[in-house]
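> only geometry, no sequence info:
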């Protein structure tokens with residue numbers, strides 16, 4: 001696993017319920033990829049191969065658009081190590097959730 005990505009999709013809609021509905025659809029898509037992920041209150045982190053993660057980031061915006069989101073802001077953080085593994089979600093946060 002040479003990369004991890006934290007993604008936050010912020011739909012430009014007026015209703016909090018609509019924000020939640022659209023973000024839930026994006027998270028459901030991320031779950032469907034089969035990759036290891038962690039949902040936090042502001043962003044979702046996904047671990048895997050860099051190229052695959054970049055495709056997922058792109059598709060997250062398409063999912064939001066298909067869900068009826070007319071516009072969105074998307075914030076992405078990328079940890080990438082071309083030769084080797086990045087720190088895992090488990091190593092970063094598990095001790096804080098015990």
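Noted; the coordinates are in hand. As the structure is a computational prediction, the values presented were derived from the model and not from experiment.

> Quick check: buried residues in the helix or strand of the chain with the lowest mean pLDDT?
One helix or strand of the chain scores below all others by mean pLDDT, DSSP states H and E: helix 89-93, with a mean of 90. For helix 89-93, a neighbour-count test (16 or more other Cβ atoms under 10 Å) marks residue 89 as buried. C-beta coordinates here come from the backbone N, C-alpha and C atoms, glycine included.

> Could you check how far that helix is from the centre of its chain?
When distances are taken as Cα atoms, centre = their mean, to the nearest Å, helix 89-93 is centred 16 Å away from the chain's centroid.

> And it, what does it pack against?
Counting contacts by 3 or more Cβ pairs under 8 Å, 6 or more residues apart in numbering; DSSP states H and E, helix 89-93 is packed against strand 37-39.

> Residues touching the strand it packs on, excluding its own?
27, 30, 31, 44, 45, 46, 47, 89, 93 (Cβ atoms under 8 Å, 6 or more residues apart in numbering).

> Report the buried members of those residues.
27, 30, 44, 45, 46, 47, 89.

> Inside strands: which ones of these?
The members of the buried ones among the contacts of strand 37-39 that map onto strands under DSSP state E are 44, 45, 46, 47.

> Can you add distance to residue 13 and pLDDT and give those residues back as a markdown table?
Converted to a markdown table, these look like this (distance: Cβ to Cβ, whole Å; pLDDT from 0 to 100):
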| residue | distance to residue 13 | pLDDT |
| --- | --- | --- |
| 44 | 19 | 98 |
| 45 | 24 | 97 |
| 46 | 24 | 98 |
| 47 | 29 | 97 |
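
> Is it possible to get JSON lines of those residues that adds distance to residue 18?
As requested, these are exported to JSON lines (distance: Cβ to Cβ, whole Å):
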{"residue": "44", "distance to residue 18": "18"}
{"residue": "45", "distance to residue 18": "24"}
{"residue": "46", "distance to residue 18": "24"}
{"residue": "47", "distance to residue 18": "29"}
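
> Name the surrounding residues that touch stretch 81-98.
1, 2, 3, 4, 36, 37, 38, 45, 47, 50, 79, 80.

> What count of nearby residues applies to the third one?
Counted with other Cβ atoms under 10 Å, the burial measure for residue 3 works out to 20 neighbours.
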